[in-house]
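Q: Okay, here's the prediction I keep looking at, along with the sequence it came from:
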Amino acid sequence: MPSVKEYVEIRPTSAREQWCSILTRTPATVGRQVAFLPVETLACLAASLIVNHRKYGGSTAHKAEEPVPTLARLFQRPNSSVLAKMANLDGSRRNGAKHEIEVAAHLLATPGRLSAVYRVILAAARDVGIGSEGLPDFLELADDNSELHLLGQDELDRTEVEVTVQSTSACWLESRADLDERTTERLLVAAVRVGQHRFANEVLRNHGHRCVFCGLSVNLAGSSAARMLVASHIKPWRASTHAERLDARNGLTACPTHDVAFDTGLITVNGGLRIHLKHSLAAAVHTDPATRAAFGRPPLADRLLLPAAALPPRAKYLTWHHQHVYRETPTPTPPLSNERRRSTA
């Protein structure tokens, strides 16, 4: 069994040898499959930043999104094996190997370490002839010298994350007596941060990578300019249940200006997806050119700008925001005078 060091400090020579071994592999038709090599496990760990394995069961593994099917073909394994390896890595399978959990906790605790390992295994794959079709650069890091950037982390409060981890670590330690407290805490913190990253990534994809309030779009894949868009919760992370925290329909993609405005209740969205301004902000639009440049119409749309195939936000989250953040009722329309009633009759 490889040591943790053989994963987190994998060498290019070793990675190339492992990829060559995989290229000569034939799929197992009977009996147990061959053990996962470190490059396979590390690729599955990187893929877990994109794919939530918990969305798929035994009967739905064939529906798993990319890069799971591509990895499965390359590894000569079924989708279910790749998804099971992801479950081993995040500790959700009780029989998962301890050393794999330690690898995940070590690399996910510092995304820069995972970036370095990912680049090593990807470069080694290219060296032995595995091109982008066989193993795509699904984290888009090969041509970017920056470290891996987990999305949506600004929304997480350190204290709130610690409280969440402390409330669940005891149960983990009871079910996984082989894990020490430090490893458990690191893995649970990583799980929160990776879950937030996957949530933000899914929200961005659902909204076509553009601000739903003004339409700003940044089409520079792999560039830090992509941070000009923010994917945040409608009902905040701290107030949401575990399921609500991962629900992409509890999120909106916005430019920083409109994200802050929504987060602080200066704007809200009703059940018909119409965008409303707080009365004080609406008044400032008429008197201040700078405010008008950000919150006039345009650039602010009348309704959320969603792609045709996008899933709209759930009404319960919009209602929560209106009641707990916006906290302002629309100004009622004044009653018509008798003379105006006659003129409109």
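A: Yep, it's here. Numbering: from 1, shown residues only.
Q: if I pick residue 257, what's in contact with it?
A: residue 294 (C-beta atoms under 8 Å, 6 or more residues apart in numbering). Yep, even glycine has a C-beta here, placed from its N, CA and C like the rest.
Q: Surely residue 148 is within a strand?
A: No. With DSSP: H, G, I helix; E, B strand; the rest coil as the criterion, residue 148 is coil rather than part of a strand.
Q: mind checking how far it is from residue 194?
A: 11 Å (C-beta to C-beta, to the nearest Å).
Q: Tell me the secondary structure at residue 129.
A: Secondary structure of residue 129, per three-state DSSP, is coil.
Q: so how far is residue 16 from the residue lying closest to it once chain neighbours are set aside?
A: Leaving aside its chain neighbours, residue 129 sits nearest to residue 23 (7.7 Å; criterion: C-beta to C-beta, 6 or more residues apart in numbering). To residue 16, residue 23 is 11 Å away according to C-beta to C-beta.
Q: joint contacts of these two?
A: Counting by C-beta under 8 Å, 6+ apart, the residues touching both residue 23 and residue 16 are residue 128.
Q: which one of these two has more residues nearby?
A: residue 16 (19 against 14; other C-beta atoms under 10 Å).
Q: contacting residues around that one?
A: 124, 127-128.
Q: Contacts for stretch 68-82, please.
A: By C-beta under 8 Å, 6+ apart, stretch 68-82 touches 22, 25-28, 33, 36, 40, 43-44, 47, 51, 56, 58, 61-62, 64, 83, 130, 134-136.
Q: Tell me which of those residues fall in helices.
A: Those of those mapping onto helices are 22, 40, 43-44, 47, 83, per DSSP state H.
Q: Parallel or antiparallel, list what pairs with the strand or helix carrying residue 253.
A: Residue 253 belongs to strand 251-254 when assigned by DSSP states H and E. Note on strand 251-254: by DSSP bridges, its sheet partners are strand 230-233 (antiparallel).
Q: What average pLDDT does the biggest helix by length in the chain get?
A: Secondary structure assigned by DSSP H gives helix 181-206 as the longest helix of the chain. In this model, helix 181-206 has an average pLDDT of 88.
Q: same check, this time on stretch 69-79
A: Stretch 69-79 comes out with an average pLDDT of 96.
Q: buried ones in that stretch?
A: 69-72, 74-79 (16 or more other C-beta atoms under 10 Å).
Q: Switch the residues you listed over to JSON lines; also include distance to residue 165 and secondary structure.
A: As requested, the buried residues of stretch 69-79 are exported to JSON lines (distance: C-beta to C-beta, whole Å; DSSP: H, G, I helix; E, B strand; the rest coil):
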{"residue": "69", "distance to residue 165": "33", "secondary structure": "helix"}
{"residue": "70", "distance to residue 165": "33", "secondary structure": "helix"}
{"residue": "71", "distance to residue 165": "29", "secondary structure": "helix"}
{"residue": "72", "distance to residue 165": "32", "secondary structure": "helix"}
{"residue": "74", "distance to residue 165": "34", "secondary structure": "helix"}
{"residue": "75", "distance to residue 165": "32", "secondary structure": "helix"}
{"residue": "76", "distance to residue 165": "37", "secondary structure": "coil"}
{"residue": "77", "distance to residue 165": "32", "secondary structure": "coil"}
{"residue": "78", "distance to residue 165": "33", "secondary structure": "coil"}
{"residue": "79", "distance to residue 165": "30", "secondary structure": "helix"}
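Q: Show me what the strand holding residue 253 is in contact with.
A: Contacts of strand 251-254 (C-beta under 8 Å, 6+ apart): 199-200, 202-204, 206-207, 209-213, 229-234, 259, 262, 269, 304, 313.
Q: ok, now stretch 52-67?
A: Counting by C-beta under 8 Å, 6+ apart, 47, 50-51, 78-80, 82-84, 86-87, 90, 92, 136, 138, 195, 198, 246 sit against stretch 52-67.
Q: first to last residue in it, what's the distance?
A: Start and end residues of stretch 52-67 are separated by 11 Å (C-alpha to C-alpha, to the nearest Å).
Q: Just the buried residues from the contacts of stretch 68-82, in ChimeraX please.
A: The following ChimeraX line selects those of those that are buried, judged by 16+ other C-beta under 10 Å:
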select :22,36,40,43,44,47,51,56,61,64,83,130,135
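Q: ok so, going back, tell me the one of the ones in helices among the contacts of stretch 68-82 nearest residue 153?
A: residue 47 (19.6 Å; C-beta to C-beta).
Q: what's the nearest residue to that closest one if we skip its chain neighbours?
A: residue 67 (5.2 Å).
Q: Report how many residues lie close to the one you found.
A: 21.
Q: Next, give phi and psi for it.
A: The phi/psi pair for residue 67 (degrees, to the nearest 10) reads phi -100, psi 20.
Q: And it, how far from residue 51?
A: Distance from residue 67 to residue 51, by C-beta to C-beta: 7 Å.
Q: Residue 107: what's it in contact with?
A: Residue 107 touches 7-8, 45, 113-114, 117, counting by C-beta under 8 Å, 6+ apart.
Q: now, which of these lie within helices?
A: 7-8, 45, 113-114, 117.
Q: Make TSV from the contacts of residue 107 and add neighbour count, distance to residue 167 and pLDDT to it.
A: Shown next, in TSV, are the contacts of residue 107 (neighbours: other C-beta atoms under 10 Å; distance: C-beta to C-beta, whole Å; pLDDT from 0 to 100):
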residue	neighbour count	distance to residue 167	pLDDT
7	21	30	94
8	17	29	92
45	24	25	95
113	16	27	89
114	25	26	91
117	24	31	95
